[in-house]
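Participant: I would like to see how this sequence folds:
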Amino acid sequence: LFTSHTANFQKFNHPFMKWFKQQGYEVHYASMGEEWVLHCDKHHTICFSRSPFSIDNIKAYKPLKKIIDTEDYEIIHTHTPMGSVVTRLAARKARKNGTKVIYTAHGFHFYKGAPPQNWAIYYPIEKLLSRYTDVLITINTEDYDLAKKSMKARQIVKINGVGVDLKKFKPIVNSSKKIELRKQYGYSPDDLILICVAELNGNKNQEFLIKCIKDLSSKHPNIKLLLCGEGGFREKYLQLINEYKLENNIQLLGYRKDIAKLMQLSDIGVSASLREGLPLNVLEELATGLPVLASSNRGHKDIVSSIELGYLYTTNNKKEFFDIFYKMINSNYTELNQIRNKATHKYSIAKAISSLQPIYFSNKLNETEDVYSSGQTLKPTLNLQDQAAFFSNLQNSQGSIRRIRRIVKEQNIDGGAYSDDQSQTTK
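Facilitator: Okay, here's the model as predicted:
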């Protein structure tokens, strides 16, 4: 069973679901069900919510628990924060009966420099539920180090992301083919094309890129920014583009199935994200041979490790962005596409599958102490009524850090590491 709060997340699980099918496994998926899920035998619609304050996550518990208890899964692999909260709570009985519960953290919401409320809300929940996790998978160095220090999962590992399709994302070696591809899409050989593939939301921070293009367009009227993806900020960004009169410079392309070709016809991959785990879009840009100009965060730092691959700028710092931009366009950055592609080989889908196989099937966990059979009592625990009260109280906190801290303290959730890290982030 694979779970995520949104069915859209299936795109990251496709290679692994397909692999399980090829091995003869029956594969199920549980999500909100807002779109069709491929490579699965059965799709369960569960009323997950992305928000930790939503009562829908409480409502999702019982039907998911019934499915898990009835289907008797061998492996449950859960993704996304709130989908994984509900899944791990619902799978507690199944774990006692031998089901392995695996959780991939695609970038903790608490990190160096994160808002204090992220530490107050997400850290204690993740630490609590790590006790109900057989394997906690992290995908960047900062998360792995924090998990090893603070989380209670029976096994904590780090892998190189969900895998890049290197057969699909590869450089165009012949410049004439790139010109022809641009012609097919209506772009000129002289256009300077930047591409950003991400959901349109506050964390991905495309507003910063729009404002940068506003300043650059006066000197570079041929500059183009391709924003690929859907999201709740689409109308906001469309209004900004119209306000700045950038209709000829910025395109909101929506959800696309031809991302590889759009990257191949582009010159630079850009990102302004505030938070990343290990961004697949940046890896795909590098695999296509593009240099990357990205904000400095934990996920980007793990990937952009040398100037041959690209540069990082301080988040929301226009001056640094412009300085690096001009350095890139005045250099021979287009000549290093094969070096960038080679750097992504360790992130390939094949490598991702091979790294997960021993995690799925290793008997190592059976050799460790089983806290259930040893008679230990797991504290703190939250029963269903406690969960409802906890999330309801958080919702009524109205974002007040003082109220959130009091709620967490009353629930007796160990916040020792939160206190240390949070004090650093607020300096």
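
Participant: quick one: the strands in the chain?
Facilitator: Secondary structure of the chain by DSSP state E: the strands cover 2-3, 28-31, 42-45, 75-78, 100-105, 135-138, 155-158, 192-197, 223-228, 250-254, 268-271, 292-295, 310-313.

Participant: Point out the most buried one among those strands.
Facilitator: Greatest average neighbour count among the strands of the chain goes to strand 2-3 (a mean of 29), per mean count of other CB atoms under 10 Å. Yep, even glycine has a C-beta here, placed from its N, CA and C like the rest.

Participant: coming back round to it: could the strands of the chain be laid out in JSON lines, adding mean pLDDT and distance to residue 122?
Facilitator: Converted to JSON lines, these look like this (pLDDT from 0 to 100; distance: least, CB to CB, whole Å):
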{"stretch": "strand 2-3", "mean pLDDT": "97", "distance to residue 122": "18"}
{"stretch": "strand 28-31", "mean pLDDT": "97", "distance to residue 122": "20"}
{"stretch": "strand 42-45", "mean pLDDT": "96", "distance to residue 122": "25"}
{"stretch": "strand 75-78", "mean pLDDT": "98", "distance to residue 122": "15"}
{"stretch": "strand 100-105", "mean pLDDT": "97", "distance to residue 122": "10"}
{"stretch": "strand 135-138", "mean pLDDT": "97", "distance to residue 122": "14"}
{"stretch": "strand 155-158", "mean pLDDT": "96", "distance to residue 122": "17"}
{"stretch": "strand 192-197", "mean pLDDT": "98", "distance to residue 122": "26"}
{"stretch": "strand 223-228", "mean pLDDT": "98", "distance to residue 122": "28"}
{"stretch": "strand 250-254", "mean pLDDT": "98", "distance to residue 122": "30"}
{"stretch": "strand 268-271", "mean pLDDT": "98", "distance to residue 122": "22"}
{"stretch": "strand 292-295", "mean pLDDT": "98", "distance to residue 122": "21"}
{"stretch": "strand 310-313", "mean pLDDT": "97", "distance to residue 122": "25"}
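
Participant: Now render these as JSON lines, adding distance to residue 164.
Facilitator: As requested, those are exported to JSON lines (distance: least, CB to CB, whole Å):
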{"stretch": "strand 2-3", "distance to residue 164": "20"}
{"stretch": "strand 28-31", "distance to residue 164": "22"}
{"stretch": "strand 42-45", "distance to residue 164": "26"}
{"stretch": "strand 75-78", "distance to residue 164": "19"}
{"stretch": "strand 100-105", "distance to residue 164": "16"}
{"stretch": "strand 135-138", "distance to residue 164": "17"}
{"stretch": "strand 155-158", "distance to residue 164": "17"}
{"stretch": "strand 192-197", "distance to residue 164": "13"}
{"stretch": "strand 223-228", "distance to residue 164": "16"}
{"stretch": "strand 250-254", "distance to residue 164": "21"}
{"stretch": "strand 268-271", "distance to residue 164": "13"}
{"stretch": "strand 292-295", "distance to residue 164": "13"}
{"stretch": "strand 310-313", "distance to residue 164": "16"}
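
Participant: measure the residue nearest to the spatial centre of the chain to residue 159 for me?
Facilitator: Per CA atoms, centre = their mean, the C-alpha nearest to the average position across the chain is that of residue 106, at 4.3 Å. The gap separating residue 106 from residue 159 is 11 Å, by CB to CB, to the nearest Å.

Participant: Quickly list what's touching both of those two.
Facilitator: residue 139 (CB atoms under 8 Å, 6 or more residues apart in numbering).

Participant: Next, the contact list for residue 211, please.
Facilitator: 240, 244, 318.

Participant: let's see 6 Å
Facilitator: Residue 211 sits next to no residue when contact means CB atoms under 6 Å, 6 or more residues apart in numbering.

Participant: Please apply the same query to the one 3 residues further on.
Facilitator: The contact partners of residue 214, taken as CB under 6 Å, 6+ apart, are residue 244.

Participant: Kindly recompute the last result at 8 Å.
Facilitator: Per CB under 8 Å, 6+ apart, neighbours of residue 214: 244, 246.

Participant: Go ahead and confirm residue 227 touches residue 250.
Facilitator: Yes. Using CB atoms under 8 Å, residue 227 makes contact with residue 250 at a distance of 6.6 Å.

Participant: what's the single longest helix in the protein?
Facilitator: Taking DSSP state H as the criterion, the chain has its longest helix at helix 56-71.

Participant: What lies in contact with that one?
Facilitator: Outside helix 56-71, the residues touching it (CB under 8 Å, 6+ apart) are 1, 3, 28, 30, 44, 46-49, 51, 76, 82, 85-87, 89-91, 93-94, 99, 384, 387-388, 391.

Participant: Give me the buried positions along it.
Facilitator: Neighbour-count burial for helix 56-71, counted by 16 or more other CB atoms under 10 Å, picks out 56, 57, 58, 59, 60, 61, 63, 64, 65, 67, 68, 71.

Participant: pLDDT and distance to residue 286 for the residues you listed - can I get that in TSV?
Facilitator: As requested, these are exported to TSV (pLDDT from 0 to 100; distance: CB to CB, whole Å):
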residue	pLDDT	distance to residue 286
56	95	37
57	94	36
58	95	41
59	96	42
60	96	37
61	97	40
63	97	41
64	98	37
65	97	42
67	97	39
68	98	38
71	96	39
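
Participant: What is the nearest of the residues you listed to residue 135?
Facilitator: Residue 135 lies nearest to residue 68 out of these, by CB to CB, at 17.0 Å.
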